[in-house]
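Enquirer: Okay, here's the prediction I keep looking at, along with the sequence it came from:
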Amino acid sequence: MYRGLLYRALNPVYAREPLSGRGAQLYGGRFNPKGTPALYASLTVMTALREANQVGSLQPTTLVSYDAEVERVFDSRDPTALAAHDMDGDALGDADWRDQMKAKGEARTQAFARRLAEAGYQGLLVRSFARGAGVDDMNLVLFAWGSGSPSRLTLIDDEQRLARL
């Protein structure tokens, strides 16, 4: 179970759709192949900024936060649980996931996340592998989310600022 705040530093192109997971769906991510939506969120603002700007200089970003309550979250910090799902910490951080996706259609980490989703998990708690991130910089990758249980995600935008973009 995860209950608390989450953060994302969005490319401004997707700022009008902060709950869509569309960028990940279009391009694929470490834990989702192209065509499969996923929402990559961080437990801290700084981790979100690192995630959004992994290459080159800091680019324009739109920082958003969510109030989240996710019932079934797989905690990748547990090596025994990882091994039970044919995964380990080194494979989670494998920098070749894009090459695997191109060659096989699905990277090992993407297959792992797919199996978790099929087993009923709504999200994966995993360390950030962005440049400058440490072992305590954590992300929550959501496979399923919506406005209610079991995986509630509510954008915090009381002043409707994103509607003005």
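Expert: Sure, I can see it. Numbering: from 1, shown residues only.
Enquirer: Tell me which stretches of this protein form strands.
Expert: In the chain, the strands defined using DSSP state E lie at 2-10, 39-42, 62-70, 73-75, 123-127, 138-142, 151-155.
Enquirer: angle of the first one against strand 123-127?
Expert: Here strand 2-10 runs at 70 degrees with respect to strand 123-127, directions being taken by axes from the mean of the first three to the mean of the last three Cα atoms, to 10 degrees.
Enquirer: packing partners for strand 2-10?
Expert: With contacts defined as 3 or more Cβ pairs under 8 Å, 6 or more residues apart in numbering; DSSP states H and E, strand 2-10 has these neighbours: strand 39-42, helix 45-52, strand 62-70. To be clear about C-beta, it is placed using only N, CA and C from the backbone, and glycine gets the same treatment.
Enquirer: can these go into TSV with extra columns for mean neighbour count?
Expert: Listed next are the helices and strands packed on strand 2-10 as TSV, based on neighbours: other Cβ atoms under 10 Å:
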stretch	mean neighbour count
strand 39-42	25
helix 45-52	20
strand 62-70	18
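Enquirer: Other residues contacting the helix or strand of the chain with the lowest mean pLDDT?
Expert: The weakest-scoring helix or strand in the chain, judged by mean pLDDT, DSSP states H and E, is helix 22-27 (a mean of 91). Residues outside helix 22-27 that contact it (Cβ atoms under 8 Å, 6 or more residues apart in numbering) are Leu10, Asn11, Val13, Tyr14, Asn32, Lys34, Gly35, Thr36, Pro37, Ala38, Leu39, Tyr40.
Enquirer: Surely the last one touches Val141?
Expert: Yep, that's Tyr40 we're talking about. Yes: taking contacts as Cβ atoms under 8 Å, Tyr40 lies within contact range of Val141: 5.4 Å.
Enquirer: which neighbours do these two share?
Expert: Contacts common to Tyr40 and Val141, judged by Cβ under 8 Å, 6+ apart, are Gly29, Phe31.
Enquirer: Next, the buried residues of stretch 82-99.
Expert: Under the neighbour-count criterion of 16 or more other Cβ atoms under 10 Å, stretch 82-99 has Leu82, Met87, Leu92, Asp94, Trp97 buried.
Enquirer: Which single one of those is nearest to Trp145?
Expert: Nearest to Trp145, judged by Cβ to Cβ, of those is Leu92 at 21.2 Å.
Enquirer: State the distance from the closest one to Gly21.
Expert: Using Cβ to Cβ, to the nearest Å, one gets 20 Å for the distance from Leu92 to Gly21.
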